[in-house]
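Colleague: No letters, just coordinates:
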């Protein structure tokens, strides 16, 4: 692999900020894949996925600690934001509030959390909101309007992130915008794959979609978890994404457009296995159009972060870097928090390049 510093985007590792506490049974399977957000007084908080035995996941809360140079160096644990108490968060084997992402949506003056609810129907996207990051109100499972001949509610779905600004949907209505990753396989566990594809879609591998929840014709938060206008955004297009591709961090507005750090997966998926031994997770960068994020202006052809350190190659699931959180430090310097081998949390620093070769809009394809 070429030196990542040769790429327009690269992530400089700063170190591990949180590791599982072996003395706490709630963390016996590690801490990973956090959300992050700045409070109204400027404190930075992480919301890690905290995993107990049998893959039981909670969303924790931790204050980020910084060293004398201003770099993140550790955390102070503060408890839990969400525990799997609702029916859609529990199943006969286990349960979970998994892989949260948090965005402060300025127009709503509200923090919006998306997370994976591991319930009786498998993984589904759920949503919660807060005004102070400490108390969270569940809105329930995300609901999708029928589109392209398909009930998107039937799909397993994960890796949802929302934009910090309201943007117009295809009909021009100001909307909360969400990127998500449905899985088209409708077969029962242990049975051969049976993909059911939306009309007009031929790519069977899990891919990124973008959907809209209009807010201008109703109360600002009423029905925030109901989404329409589903559009295919990006499919796997390189060997390091051979199995699937999905969103990583919430989008950040840069001089070039919306920056999305995403993940790609290669290797082999074993059916019915929670902890996959033969997968390889890497991260890339994508720039989406400022006004119409359905348009991809740039997409890295090679990973900007791949598992190479011991903490990333050895853990509960080996060979995983999974970016899920961002903290804008100053200008266009961004700290990226990511899961390491499904066991611990690392942080790296990404500098947005001043110049970037963007695609002409009339040449863009999903």
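Modeller: Sure, I can see it. This structure is a prediction, so every number in the text was calculated from the model and none was measured.

Colleague: so which helix or strand takes in the most far-flung residue of the chain relative to its centre?
Modeller: What lies farthest from the middle of the chain is residue 68; by C-alpha atoms, centre = their mean that is 30.1 Å. Residue 68 is part of no helix or strand when elements are defined by DSSP states H and E.

Colleague: Quick check: pLDDT value at it.
Modeller: pLDDT, residue 68: 95.

Colleague: Next: residue 153.
Modeller: So, for residue 153, pLDDT stands at 95.

Colleague: OK, contacts around it?
Modeller: 143, 144 (C-beta atoms under 8 Å, 6 or more residues apart in numbering). For every residue, glycine as well, the C-beta is placed using N, CA and C.

Colleague: before we move on, what SS does it have?
Modeller: Under DSSP: H, G, I helix; E, B strand; the rest coil, the three-state class of residue 153 is helix.

Colleague: before we move on, back to that, separation between the residue farthest from the centre of the chain and residue 79?
Modeller: Separation of residue 68 from residue 79 (C-beta to C-beta, to the nearest Å): 28 Å.

Colleague: try residue 153
Modeller: To residue 79, residue 153 is 32 Å away according to C-beta to C-beta.

Colleague: what do you get for residue 246?
Modeller: Counting by C-beta to C-beta, the gap from residue 246 to residue 79 is 29 Å.

Colleague: Verify the stated contact: residue 256 with residue 296.
Modeller: No - distance between residue 256 and residue 296: 11.8 Å, which falls outside the contact criterion (C-beta atoms under 8 Å).

Colleague: Pull up the distance across stretch 339-349, start to finish.
Modeller: End-to-end distance for stretch 339-349, by C-alpha to C-alpha, to the nearest Å: 15 Å.

Colleague: Ok, stretch 257-276 next?
Modeller: End to end - C-alpha to C-alpha - stretch 257-276 spans 35 Å.

Colleague: Report the secondary structure state of residue 104.
Modeller: Under three-state DSSP, residue 104 comes out as strand.

Colleague: Let me see the contact set for it.
Modeller: 37, 38, 110, 111, 112, 164.

Colleague: Residue 34 now?
Modeller: So residue 34 contacts 18, 46, 47, 48, 49, 100, 324, 325, 337, 339, 345 (C-beta under 8 Å, 6+ apart).

Colleague: Identify the farthest-apart pair in those.
Modeller: 18 and 100 (14.2 Å; C-beta to C-beta).

Colleague: closest to residue 145 among the contacts of residue 104?
Modeller: residue 112 (19.2 Å).

Colleague: Contacts only, for that closest one.
Modeller: So residue 112 contacts 102, 103, 104, 105, 127, 128, 129, 162, 176, 224 (C-beta under 8 Å, 6+ apart).

Colleague: who does the second one bridge with?
Modeller: Taking DSSP bridges, one finds residue 112 as the beta-bridge partners of residue 103.

Colleague: Please work out how many residues are found near it.
Modeller: 25 (other C-beta atoms under 10 Å).

Colleague: was I right about it contacting residue 161?
Modeller: Yes - counting by C-beta under 8 Å, residue 103 does reach residue 161; the two are 7.0 Å apart.

Colleague: Overlap of the contact sets of those two?
Modeller: residue 250.

Colleague: sorry, back to before: now, which of the contacts of residue 34 sits nearest residue 290?
Modeller: Of the contacts of residue 34, the one sitting nearest to residue 290 (C-beta to C-beta) turns out to be residue 325, at 22.1 Å.

Colleague: Do I have it right that the closest one meets residue 44?
Modeller: No - using C-beta under 8 Å, residue 325 is not in contact with residue 44, being 9.7 Å away.

Colleague: When those two are compared, which one has more neighbours?
Modeller: Remark: of residue 325 and residue 44, residue 325 carries more neighbours, 27 against 20, as counted by other C-beta under 10 Å.

Colleague: Okay, and the more buried one sits in which element?
Modeller: With DSSP H and E as criterion, residue 325 is part of strand 321-330.

Colleague: And the helices in the stretch 251-366 of the chain?
Modeller: 310-313 (DSSP state H, counting those that start in this stretch).

Colleague: where does it have low pLDDT?
Modeller: 272-274, 360-366 (pLDDT under 70).

Colleague: where exactly do the strands run in it?
Modeller: 252-254, 257-267, 279-288, 296-299, 321-330, 333-340, 344-351 (DSSP state E, counting those that start in this stretch).

Colleague: circling back to that earlier point, between the contacts of residue 112, which is closest to residue 232?
Modeller: residue 162 (18.1 Å).

Colleague: Check the gap between the closest residue to residue 337 other than its chain neighbours and residue 161 for me.
Modeller: Computed as C-beta to C-beta, 6 or more residues apart in numbering, the closest residue to residue 337 that is not its neighbour in sequence is residue 325, at 3.9 Å. With distances taken as C-beta to C-beta, residue 325 is found 10 Å from residue 161.
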